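Peer 1: turn this into a structure:
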Amino acid sequence: MPGEIGRRDYSLVGAEAQRAVAAGLAGAAWYACPIPRKDLKELMRRSDGPAIRDTLIWFAALAVTGGLGAALWGSWWAVPFFLAYGVLYGSASDSRWHECGHGTAFRTRWMNDAVYHIACFMILREPTVWRWSHTRHHTDTIIVGRDPEISAQRPPSLLKIALNIFMLKASQVALRKLFLHAAGRLTAEEETFIPQMERRKVFLVARIYLAIFAAVIAACLAFGSILPAMLVGLPTLYGGGMTLFFGLTQHAGLAEDVLDHRLNSRTVYMNPVFRFLYWNMNYHVEHHMFPTVPYHALPRLHAAMKHDCPPPYPSCWAAYREIIPTLIRQRRDPRYHALRTLPAGASPGPALGAVQPAPAE
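Peer 2: You can find the predicted model right below:
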């Protein structure tokens with residue numbers, strides 16, 4: 001089949017994982033733009049204020065849109081409110097679990113933990129699993145066989161990507177793992193990055209999630225309506241489209257197996273509404289290079305390092321004008337990827353990928 005030509009083994013327990021380790025790409029040193037220590041220390045300063053403000057706005061918007069949607073349930077007037085509620089629930093939660101998982105959104109630890117757990121449930125990502133998965137993602141970003149979060153594997157499955165407009169594929173996988181974890185088991189890949197001491201948390205949270213979903217289903221049956229599920233559970237599906245829209249801009253179609261985030265990540269300028277929903281993760285080169293800088297300081301970090309980085313994409317449309325043709329071409333030529341060009345005078349960084357894709361069988 002044409003789609004199988006040049007396919008690499010993206011699992012964490014296969015030959016590519018061994019090759020990445022042998023090539024020195026696992027846990028390697030990454031290039032970092034030169035920023036004065038004093039300036040970087042200031043950028044890394046944490047504060048409760050911006051995240052408290054943005055979280056209160058988020059919760060208030062959820063309450064208003066969800067409340068009006070419920071009040072108008074049964075009429076077409078409910079539709080726009082549930083559409084807005086779905087995006088706030090199923091898409092804005094993606095950046096909230098992400099930033100709070102880094103522990104940088106708030107200065108106060110319990111605030112990070114509280115929002116992290118709430119957002120993880122909303123987007124159906126188990127908190128302990130994803131905390132360790134994301135740690136690996138940052139350690140070995142887009143290193144094949146090491147990074148568990150490569151969303152656009154080569155050759156890309158366009159059907160799988162399309163299904164995730166409503167998070168159908170991602171939610172199917174997440175639910176299957178919930179039942180597995182509730183039974184006290186992990187996948188072989190999860191065993192490579194979740195420490196033994198953390199696994200009981202995984203099993204407990206999976207059982208709690210399933211209990212909540214069972215309660216929602218019971219409420220639907222008791223009231224003879226899917227309204228309870230429209231407020232809890234289903235928004236992950238019908239409101240998850242922006243998670244995919246934002247997420248593909250991060251790395252899709254860019255280089256694999258390089259030790260320079262300027263070559264495998266994108267910074268994309270977005271409008272203020274998108275930046276609020278996405279919590280400034282559009283500054284993605286900056287975030288990967290300096291992941292301890294809080295989301296609200298990423299625009300300042302961008303200004304400090306942009307002279308050493310490829311030019312940012314001026315809009316989402318500009319990013320997708322590269323992403324879509326690249327993914328289509330990778331269907332027939334999996335070795336192809338979009339190149340990021342460094343500006344004149346920028347450091348060349350480390351050598352490009354030491355590991356070449358395995359030849360087609």
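Peer 1: give me the contact list for the helix or strand of the chain with the lowest mean pLDDT.
Peer 2: When each helix and strand of the chain is scored by mean pLDDT, DSSP states H and E, helix 158-163 comes last, with a mean of 93. Applying C-beta atoms under 8 Å, 6 or more residues apart in numbering, the contact partners of helix 158-163 are 152, 169, 244, 248, 327, 328, 331. C-beta here means a position set from N, CA and C on the backbone, and glycine is covered the same way.
Peer 1: and it, which residues are buried?
Peer 2: Within helix 158-163, the residues that count as buried by 16 or more other C-beta atoms under 10 Å are 161, 163.
Peer 1: and for stretch 336-347?
Peer 2: By 16+ other C-beta under 10 Å, the buried positions in stretch 336-347 come out as 336, 337, 338, 340, 342.
Peer 1: wouldn't the second one be in contact with residue 252 here?
Peer 2: No. The pair residue 337 and residue 252 fails to qualify as a contact (C-beta atoms under 8 Å) at a distance of 9.8 Å.
Peer 1: quickly list what's touching both of these two.
Peer 2: Contact criterion C-beta under 8 Å, 6+ apart; residues shared by residue 337 and residue 252: residue 326.
Peer 1: closest to the centroid, which residue in this structure?
Peer 2: What sits nearest the mean C-alpha location of the chain, by C-alpha atoms, centre = their mean, is residue 247, with 5.9 Å.
Peer 1: that one is in contact with residue 151, isn't it?
Peer 2: Yes. With contact defined as C-beta under 8 Å, residue 247 reaches residue 151; the gap is 6.1 Å.
Peer 1: name the residues contacting each of those two.
Peer 2: By C-beta under 8 Å, 6+ apart, residue 247 and residue 151 have no common neighbours.
Peer 1: now tabulate the contacts of helix 158-163 in JSON lines and tack on pLDDT.
Peer 2: Shown next, in JSON lines, are those (pLDDT from 0 to 100):
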{"residue": "152", "pLDDT": "93"}
{"residue": "169", "pLDDT": "92"}
{"residue": "244", "pLDDT": "97"}
{"residue": "248", "pLDDT": "98"}
{"residue": "327", "pLDDT": "97"}
{"residue": "328", "pLDDT": "97"}
{"residue": "331", "pLDDT": "95"}
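Peer 1: compute the number of surrounding residues for residue 197.
Peer 2: Residue 197 sits with 7 neighbouring residues when counted by other C-beta atoms under 10 Å.
Peer 1: against residue 132, how distant is it?
Peer 2: 11 Å (C-beta to C-beta, to the nearest Å).
Peer 1: equivalent analysis for residue 71, please.
Peer 2: Residue 71 sits 41 Å away from residue 132, going by C-beta to C-beta.
Peer 1: same thing with residue 124?
Peer 2: On the measure of C-beta to C-beta, residue 124 and residue 132 end up 17 Å apart.
Peer 1: what about these two, which has more around it?
Peer 2: Between residue 124 and residue 132, residue 124 has the larger neighbour count (other C-beta under 10 Å), namely 22 against 18.
Peer 1: all good on my end, thank you.
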